[in-house]
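Trainee: attaching a predicted model along with its sequence, questions to come.
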Amino acid sequence: MNLQTKPPLLPPPPAALLKQFIDIVGQKYAVTDRDAQEPYLVEMRDLFHGITPVILRPGSVAEVSAILKLANEHKIAVVPQGGNTGLVGGQVPHRGEIVISLTRLNKIREIDPVSNTMTVEAGVTLQNARAAASDADRLYPQLLPSEGTCTIGGNMSTNAGGIAALVHGISRQHAVGLEVVLADGRVLNNLNKLKKDNTGYDLKNLFIGAEGTLGIITAVVLKLVPKPRSVETAWAAVTSPQAAVDMLGIATAHLASDVTSFEMMARNGIEAVMTHDSVSRDPLAKVYPWYILVEVSSQRTSGLREALEAILTEGVEKGLVLDATFAESLDQQKAFWRIRELFGEVQRLIGASIKHDISVPIAKIPEFIVEADKAIADLIPGTTTMPFGHVGDGNIHYNAMQPPEMSRQEFLNRWDDVNKVVFAIVKKYNGSISAEHGVGVMKRDILHIYKDPVALDLMRGIKQLLDPNGILNPGKVLPPG
Ligand SMILES: Cc1cc2nc3c(=O)[nH]c(=O)nc-3n(C[C@H](O)[C@H](O)[C@H](O)COP(=O)(O)OP(=O)(O)OC[C@H]3O[C@@H](n4cnc5c(N)ncnc54)[C@H](O)[C@@H]3O)c2cc1C
């Protein structure tokens, strides 16, 4: 992906047609002013910057339907957008498409504690969805560092993972039913709460992870779980990524599915957080090369802390753990997570980084890091890496950092070269080049190298069936043409 290449712009809709679009939502909810549009057009790392004639902010499913019907009739391209926290450029109108922002669809339609489900509209933020579940004494077990801004519709459309996927799974496992507006404006009502429904093809899963290319998700039935009665969190220094993987094995042998999060972090990321976040404090007095953040939660009200201590003691005895500390309060637990969650943010502040959101079989994580570090250092001497992420899911955010002597632009110009050497190692281990962020435009042009050609053919066929005029997020996921 060449970040400098700007794709050719689409012809803007004629003024009379634009007015028809605006009339659907009303002037108040149609953003045409350039400055007011800015927050919708720029991606948080400033890697992508879009352009659009209008941002439409529909307030009902009927309005979404009317917009798509009109767009389809006139073959006008649209880009659905939730919280604009996506990391692969999928929500950005690169070619002057109309943006449909779903954030006004923000109602919690129903919470059903007996069925353990919650029906929410697409624009509800993840944080608000979790709070609503909590008020009903339930847990909505998805958690991303972007929870305050990202939306349930965006989570579903990217099939987001996050820091609690180890036990509870990714978005696909959280969605029981969906409501989707199709390209021609028809509304697919699949909002059931049923665990068992064998009445044909599983249409719901087509739209989850489709990044807005097959339909616009307007509501979701989410699966809830009982709120845990006890939660314990530990921050530990480990000798190496291999030690982190070994500790994951020890933790799950002790506590099985009570191990709800298992994250790994490299020291240079901690340093970056300590430098740029005035609130965070290093949890351990000494400096170590690698860290794990382990959270366990359970329905039992006692014994969990002792179980976590036993896990870390075994780690110390086996020479895997060098030091550890436990969260003694909710504030301390939040402080540990704050450090981990700031990893994405601080990278931006310490220079340019070339990102990879990869997954490999868990056992191969240590080899992957060693081999990728070497390949990158051979390619661009002086480049360091900052691996961190969801070790329990085999998912590492593996980011190469700009060498001090190289300019930001010079380094970013090597994006494709760095990707190439890293993805070759991912492929060798039968991994994925996009574990949780999606394809968007960032990985669109290389997808064919790593994806099974038959799967790619089927994807094209499904796109053609559901969006024959190619109006839904064109140029994302699948290469145009
Ligand atoms: C600090 C930070 C941390 C993050 N951590 C994680 C993480 O741990 N795990 C993870 O998976 N991701 C993570 N992300 C990425 C991002 O938050 C997720 O991809 C999230 O699911 C995007 O939600 P959104 O509402 O912001 O969607 P947007 O960014 O607005 O859109 C993302 C994609 O979904 C489409 N889309 C949005 N809403 C709809 C809809 N209603 N119907 C159809 N298509 C739609 C868009 O067209 C686009 O292709 C992180 C991002 C940040 C900034």
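Mentor: Arrived safely. Residues are numbered from 1 along each chain as shown.
Trainee: so Gly438 touches Gly161, yeah?
Mentor: No - under the criterion of Cβ atoms under 8 Å, Gly438 makes no contact with Gly161, lying 10.5 Å away. C-beta coordinates here come from the backbone N, C-alpha and C atoms, glycine included.
Trainee: check contacts around the closest residue to the ligand within the chain.
Mentor: Nearest to the ligand, among the residues of the chain, is Gly154, at 2.1 Å (Cβ to the nearest ligand atom). Listed by Cβ atoms under 8 Å, 6 or more residues apart in numbering, the contact set of Gly154 reads 81-83, 85-86, 91, 122, 160.
Trainee: would you quantify the distance from it to Thr125?
Mentor: Computed as Cβ to Cβ, to the nearest Å, the Gly154 to Thr125 distance reads 9 Å.
Trainee: output the set of residues of the stretch 101-250 of the chain in proximity to the ligand.
Mentor: Proximity of the stretch 101-250 of the chain to the ligand is assessed by Cβ under 6 Å from any ligand atom, with 102, 122, 144-146, 150-151, 153-155, 157-158, 160-163, 211-212, 216-217 identified as the residues in range.
Trainee: quick one: common contacting residues for Gly154 and Thr125?
Mentor: Gly83.
Trainee: dump stretch 345-359 to CSV, keeping only the CA atoms.
Mentor: Presented in CSV, the C-alpha positions along stretch 345-359 are these (Å, rounded to 0.1, in the frame of the first residue of the first chain):
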residue,chain,number,x,y,z
GLU,A,345,-1.6,5.7,21.1
VAL,A,346,2.0,6.4,22.2
GLN,A,347,3.5,4.8,19.1
ARG,A,348,2.2,7.8,17.2
LEU,A,349,4.2,10.1,19.5
ILE,A,350,7.5,8.3,19.2
GLY,A,351,7.8,8.3,15.5
ALA,A,352,6.4,6.6,12.4
SER,A,353,5.6,2.9,12.6
ILE,A,354,4.9,0.3,10.1
LYS,A,355,2.1,-1.9,11.5
HIS,A,356,1.2,-5.5,11.3
ASP,A,357,-1.8,-7.1,13.0
ILE,A,358,-1.0,-10.7,12.6
SER,A,359,-1.8,-14.0,14.1
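Trainee: now do that stretch, average pLDDT.
Mentor: Averaged over stretch 345-359, pLDDT sits at 92.
Trainee: what does the stretch 251-400 of the chain have sitting close to the ligand?
Mentor: Residues of the stretch 251-400 of the chain that fall close to the ligand, judged by Cβ under 6 Å from any ligand atom: 344-345.
Trainee: helices and strands of the chain: which one bottoms out on pLDDT?
Mentor: Each helix and strand of the chain was given a mean pLDDT (mean pLDDT, DSSP states H and E); the minimum falls on helix 343-349 at a mean of 89.
Trainee: what packs against that one?
Mentor: Judged by 3 or more Cβ pairs under 8 Å, 6 or more residues apart in numbering; DSSP states H and E, the packing partners of helix 343-349 are helix 267-276, strand 384-390, strand 395-401.
Trainee: mean confidence for the helix or strand that the longest one is followed by?
Mentor: Read that as helix 267-276. Next helix or strand after helix 267-276 toward the C-terminus (DSSP states H and E): strand 290-298. Along strand 290-298, the predicted confidence averages to a pLDDT of 97.
Trainee: name the strands paired with strand 290-298 and say parallel or antiparallel.
Mentor: Sheet partners assigned to strand 290-298 using DSSP bridges are listed as strand 230-238 (antiparallel), strand 259-266 (antiparallel).
Trainee: and the longest one, what's buried?
Mentor: Meaning strand 230-238. Residues of strand 230-238 classed as buried: 231-238 (neighbour count, 16 or more other Cβ atoms under 10 Å).
Trainee: quick one: it to chain centroid distance?
Mentor: Centre-to-centre, strand 230-238 and its host chain are 24 Å apart (Cα atoms, centre = their mean, to the nearest Å).
Trainee: averaged pLDDT, that strand. What do you get?
Mentor: Here the average pLDDT along strand 230-238 is 98.
Trainee: quick check: next helix or strand after it?
Mentor: Towards the C-terminus, the helix or strand next in line after strand 230-238, according to DSSP H and E, is helix 241-255.
Trainee: give me phi/psi at Ile380?
Mentor: The phi and psi torsions at Ile380 (degrees, to the nearest 10) take the values phi -130, psi 90.
Trainee: ok so Pro58 is a strand residue?
Mentor: No - going by DSSP: H, G, I helix; E, B strand; the rest coil, the assignment for Pro58 is coil, not a strand.
Trainee: that one: what's it in contact with?
Mentor: If a contact means Cβ under 8 Å, 6+ apart, then Pro58 has 24-25, 29, 64, 67, 100, 102, 104-105 as its contacts.
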